[in-house]
Structure formats: structure tokens, C-alpha cells
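*Asks:* Predicted model and sequence below, questions to follow.
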Amino acid sequence: MKLCMSGLGLAILALGGCADLAGQTGASNDIFIKELPEGVLEIAAPFQDLNAVKIEPTDGCFVYRYVGPVETTYLPLRSKRGNPICSRPQGVPATG
């Protein structure tokens with residue numbers, strides 16, 4: 001089981017590096033990824049807005065814009081198993 005989860009984490013990490021960050025548009029606070037990596041599309045749960053996804057710079061995880069009845073907020077993009085989808089391993093600090 002640990003090997004399977006480790007493999008999934010490594011696959012997400014590897015595919016996260018393939019995201020086309022040059023194709024982002026919008027203000028600095030609302031930069032969405034135009035085309036998500038195929039691996040992320042395959043494992044993302046179906047109820048999320050995949051047209052408004054960005055990478056949270058503090059932890060490297062994908063977040064999507066959720067437009068609720070009262071406010072609009074960003075929620076972690078989750079896999080079908082409920083785990084957050086990240087572009088780098090948890091606990092690795094951002095550089096730069």
C-alpha cells in the first residue's frame with residue numbers, strides 16, 4: 001500500500017513539472033493554469049472546477065476556484081481518493 005501511494009506521489013510530482021506555466025493569464029493573485037497535466041486530469045475528482053486551477057506558492061499544491069452562494073474561495077484540488085494534488089512533496093519549502 002505504501003509503495004502504491006509513493007508511486008502515485010512520484011507520478012504527480014513528475015507530471016506537475018510538465019504544467020505549462022508560461023501560458024497563465026490574469027492578475028498576479030488570479031493566475032490559472034490553461035492546460036493541466038494529463039496525470040492531474042486523470043486523478044482529479046469530478047466535482048471540481050478544472051477551468052480555474054492554480055498552484056499555491058506556499059505549499060506547491062493545486063487549488064481550484066470554488067464559487068459558493070456567499071463567497072468565492074480557493075480549495076485544494078483533490079484526487080478521487082480525497083488526497084490533495086501537489087506539484088512537489090509535502091514539507092519541501094518554496095525557493096526564490
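*Replies:* Received, thanks. As the structure is a computational prediction, the values presented were derived from the model and not from experiment. Numbers count the residues shown, from 1 in each chain.

*Asks:* now Glu42, what's its secondary structure?
*Replies:* Using DSSP: H, G, I helix; E, B strand; the rest coil, the structure places Glu42 in helix.

*Asks:* That one: neighbour count?
*Replies:* Residues near Glu42, counting by other C-beta atoms under 10 Å, number 12. (Each C-beta comes from the backbone N, C-alpha and C, glycine too.)

*Asks:* any idea how far it lies from Thr73?
*Replies:* When distance is defined by C-beta to C-beta, to the nearest Å, Glu42 is 25 Å away from Thr73.

*Asks:* from memory Ile85 sits against Leu77, does it?
*Replies:* Yes - Ile85 lies in contact with Leu77 (C-beta atoms under 8 Å); the separation is 4.8 Å.

*Asks:* Name the residues contacting each of the two.
*Replies:* Taking C-beta atoms under 8 Å, 6 or more residues apart in numbering as the criterion, Ile85 and Leu77 both touch Val40, Ala44, Cys61, Phe62.

*Asks:* who are the neighbours in contact with the second one?
*Replies:* Taking C-beta under 8 Å, 6+ apart, we find Ala44 in contact with Leu36, Leu50, Leu77, Arg78, Ser79, Lys80, Ile85.

*Asks:* quick check, nearest of the shared contacts of Ile85 and Leu77 to Ile55?
*Replies:* Closest to Ile55 out of the shared contacts of Ile85 and Leu77 is Phe62 (5.9 Å), distances taken as C-beta to C-beta.

*Asks:* Tell me how many other residues crowd that closest one.
*Replies:* Neighbourhood size, Phe62 [other C-beta under 10 Å]: 26.
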